[in-house]
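**Q** Sequence unavailable; structure follows:
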């Protein structure tokens, strides 16, 4: 069965303290892996799409990487405004573009 | 780019009434839109996939007569919750895939529905 597991469930960092969030997946034929950011009471905000192992993408303080089993979202020198829930989702071959979601990592960054 | 809006952002309605939620892609056309429901501290639950000009495809366990979806144009999809009950209270979010793209979904800001 296709599955996405995110860890840790929650993470609290000091401003400037870099860290990584993990997204492990088991899917039958990965078509794409997606990272989103979600603030309380808002819809998810698209961050990255990764399609193949070895691919990396960056945006400001965020960098996403992908292997055949997992993806990491690296946060460099985070700021309080980076506090949010980070969601990982995948699409497998043949599931008609339905996203399979992890439960997210709730990130808090203290000033 | 790739902005999706939803209206209203919050709605309170009485049990037994119907409420319509609009989802618009503001700066792109979307052949496919999706409707989700999210419970507190839970992941998004896909309710249905909406394709412009055709009937929506509902996920197992979602009542199509209760949650009416209309995707009448390439920039607008609507979700109507009919005969709402308190258990329909939830956070409803739509998403859209820009035409010509394969998989990237862009989400609206969500609609908080409270049924009293």
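**A** Sure thing, it's come through. Just so it is clear, the structure is predicted and the values come from calculations on it, not from any experiment.

**Q** Near chain A, which residues of chain B are found?
**A** B:2, B:4, B:6, B:32, B:42-44, B:46, B:49, B:91, B:93-95, B:97, B:102-110, B:112 (CB under 8 Å from any CB of the partner chain). From N, CA and C alone the C-beta is placed, and that goes for glycine too.

**Q** Buried members of those residues into ChimeraX, please.
**A** Isolation of the buried members of the residues of chain B next to chain A (16 or more other CB atoms under 10 Å in any protein chain shown) is achieved in ChimeraX through the command below:
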select /B:2,4,6,32,43,44,46,49,91,93,94,95,97,103,104,105,106,107,108,109,110
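
**Q** center of chain B - which residue?
**A** residue B:35 (3.5 Å; CA atoms, centre = their mean).

**Q** From chain A, how far off is it?
**A** Distance, residue B:35 to chain A, using CB to the nearest CB, to the nearest Å: 12 Å.

**Q** got the residues of chain A near chain B?
**A** A:31-32, A:34, A:36, A:41-46, A:49, A:87, A:91, A:96-99, A:101-104.

**Q** Can you select the buried ones among those for me in ChimeraX?
**A** The buried subset of these, as determined by 16+ other CB under 10 Å, is captured in ChimeraX by this line:
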select /A:31,32,34,36,42,43,44,46,49,87,91,98,99,101,102,103,104
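
**Q** Out of the residues of chain A next to chain B, list just those in helices.
**A** With helices defined by DSSP state H, no entry of these lies inside them.

**Q** Tell me which entries of the residues of chain A next to chain B lie within strands.
**A** Among the residues of chain A next to chain B, the residues falling in strands (DSSP state E) are A:31, A:32, A:34, A:36, A:45, A:46, A:49, A:87, A:91, A:101.

**Q** Let me have those residues in TSV, extended by pLDDT.
**A** Listed next are these as TSV, based on pLDDT from 0 to 100:
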residue	pLDDT
A:31	91
A:32	94
A:34	97
A:36	97
A:45	96
A:46	95
A:49	95
A:87	97
A:91	93
A:101	95
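
**Q** Chain B: strands as residue ranges?
**A** Under DSSP E, chain B gives strands at B:4-7, B:10-13, B:19-25, B:30-38, B:44-51, B:57-58, B:67-73, B:76-81, B:90-98, B:106-107, B:111-115.

**Q** okay, those strands in TSV with mean pLDDT next?
**A** Output for these, formatted as TSV (pLDDT from 0 to 100):
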stretch	mean pLDDT
strand B:4-7	97
strand B:10-13	96
strand B:19-25	97
strand B:30-38	94
strand B:44-51	93
strand B:57-58	94
strand B:67-73	91
strand B:76-81	96
strand B:90-98	96
strand B:106-107	96
strand B:111-115	97
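
**Q** for the ones you listed, which one sits closest to residue A:18?
**A** strand B:106-107 (27.3 Å; CB to CB).

**Q** for chain A, which spans come out with low pLDDT?
**A** A:95 (pLDDT under 70).

**Q** show me the contacts for residue 11.
**A** No chain was given, so I picked chain A. Residues counted as contacts of residue A:11 (CB atoms under 8 Å, 6 or more residues apart in numbering or on different chains) are A:19, A:21, A:105, A:106, A:107, A:108.

**Q** wrong one, I was asking about chain B
**A** B:19, B:21, B:111, B:112, B:113, B:114.

**Q** Pull out the buried residues from those.
**A** Looks like the contacts of residue B:11 have B:19, B:21, B:111, B:113 buried, using 16+ other CB under 10 Å.

**Q** Most widely separated two among these?
**A** B:19 and B:111, at 9.0 Å, using CB to CB across those.

**Q** Can you check the distance spanned by stretch B:94-113, start to finish?
**A** 14 Å (CA to CA, to the nearest Å).
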